[in-house]
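[1] quick one: sequence and predicted model below, then my questions.
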Amino acid sequence: MAGMVPPQGGPRCYRAHLGGRRGWRSDRSALERAGTTASRHRPRRCETGSDEQPATARAGTEYRGMRIIDAHLHIWDTDRLDYVWLHDVPSLDRPMGFGELRSERASGTAHVDGFVFVQADCRPDQAIDEVDWVASVAADGPVVGIVGFAPLEHGDAVSVHLDALVQHELVVGVRRLLQSEPAGFSRSDAFVTGARALASRSLVFDACVTAGQIDDVTALADAVPELRIVLDHLGKPDAARTASLEAWQRSIAQLALRPNVVCKVSGLPTQLGDLHWDGGSIRPWLDAALESFGADRLLFGSDWPASSGHTSYDRWLDAVVEWSAPLSPDERSALFADTATRTYSLPPQG
């Protein structure tokens, strides 16, 4: 995108859903087992897979029969809503919807079955309007779930906002951006109260934090164990510095012991900050996430178009498909569709 890089803040985080608590609880014992064994997880090679061929040569074969849910997509309409952060990113400060995505993906080989829209950080007072608009264009995606914004730090008072969100059947969760907040922001009594209100409505919390805030997410998972939490963008590691890998890995390993947390495989090209990233540069970070969470607690996300400064949609998708080649068919199905469907209680896809 003409060399422009989205700011580190990116769009804010939050998202909500109706009625999925029974499905989540039915998987909880499995997640508890995963939480205690994830550190011993090792990828298993698919019998027909190969690491030797490049993604470009293998894409057609690898995608055949795969179901893909993109669990982290943004769209926005700058003619309708105000996105202050976009004022600093001129190349993206324009309407970006499914028409633009189709144009970019004209040569892509993979069919994406559905998208989870994650709030794009419009003005907070326009948060309900954003959900209204996305719901109105959902069929064009199709959008199968919406993660909206809610000010959880308002405590009990956030209930009115949450009740407005859940009027939309597509709302499956909330994202409240934390990465720009001071350490400990989500540990306040008011925020924890807001998180409990979220959980009581069977809504998911998308946690968008920096690597230094992952321990705050762990504390929130402990404080509200009934809350489903999705760690966005692998916890935003400082991936441009390989020396930061060990400390980040320790943090996510501790977080992964909480069975109510899953992790999005998204946002890594932006964190690498290198247009020339490749399979070798993403592998240590993805391997560490797999080691900690196991394949059944990872879910793929594109972070399009916020990621456009460092990757195209299909370059990232191809790279994750290639990285996941050693996994079993069931593990790949979890990564690319099943974990998103289970976590967000998405409707079954035909």
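    Okay, I see it.
[2] thinking Ala71 is in contact with Ala340, fair?
    Yes - Ala71 lies in contact with Ala340 (CB atoms under 8 Å); the separation is 4.1 Å. For every residue, glycine as well, the C-beta is placed using N, CA and C.
[3] residues shared between the contacts of these two?
    Common contacts of Ala71 and Ala340 (CB atoms under 8 Å, 6 or more residues apart in numbering): Val116, Leu299, Phe300.
[4] can you pick the most crowded of those?
    Counting neighbours by other CB atoms under 10 Å, Val116 comes out on top of the shared contacts of Ala71 and Ala340 with 31 neighbours.
[5] and that residue, which helix or strand is it part of?
    If you go by DSSP states H and E, Val116 is part of strand 114-118.
[6] repeat for Val144
    Assigned by DSSP H and E, Val144 falls within strand 143-148.
[7] ok, then the element right after that strand?
    As assigned by DSSP H and E, the chain's next helix or strand after strand 143-148 is helix 159-165.
[8] tilt between the helix or strand following that next one and strand 143-148?
    Under the assignment DSSP H and E, the closest C-terminal helix or strand after helix 159-165 is strand 171-175. Angle of strand 171-175 versus strand 143-148, following axes from the mean of the first three to the mean of the last three CA atoms, to 10 degrees, is 40 degrees.
[9] off-centre distance for strand 171-175?
    Mean C-alpha position of strand 171-175 versus that of the full chain (CA atoms, centre = their mean, to the nearest Å) differs by 12 Å.
[10] CA atoms only for that strand - export them in PDB, please.
    Coordinates of each C-alpha in strand 171-175 appear next as PDB, following Å, rounded to 0.1, in the frame of the first residue of the first chain:
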ATOM      1  CA  VAL A 171     -22.700 -10.100  17.300                       C
ATOM      2  CA  VAL A 172     -20.500 -12.600  19.000                       C
ATOM      3  CA  GLY A 173     -18.100 -10.600  21.000                       C
ATOM      4  CA  VAL A 174     -16.400  -7.400  22.000                       C
ATOM      5  CA  ARG A 175     -13.000  -5.900  21.600                       C
END
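[11] name the residues of the helix or strand just after that strand that are buried.
    Sequence order places helix 189-200 as the next helix or strand after strand 171-175, per DSSP H and E. Residues Phe191, Val192, Thr193, Gly194, Ala195, Arg196, Ala197, Leu198, Ala199 are the ones in helix 189-200 that count as buried (16 or more other CB atoms under 10 Å).
[12] need those residues in a markdown table with distance to Glu153 and pLDDT, can you?
    Formatted as a markdown table, the buried residues of helix 189-200 follow (distance: CB to CB, whole Å; pLDDT from 0 to 100):
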| residue | distance to Glu153 | pLDDT |
| --- | --- | --- |
| Phe191 | 5 | 99 |
| Val192 | 10 | 99 |
| Thr193 | 9 | 99 |
| Gly194 | 6 | 99 |
| Ala195 | 10 | 99 |
| Arg196 | 13 | 99 |
| Ala197 | 12 | 99 |
| Leu198 | 12 | 99 |
| Ala199 | 16 | 99 |
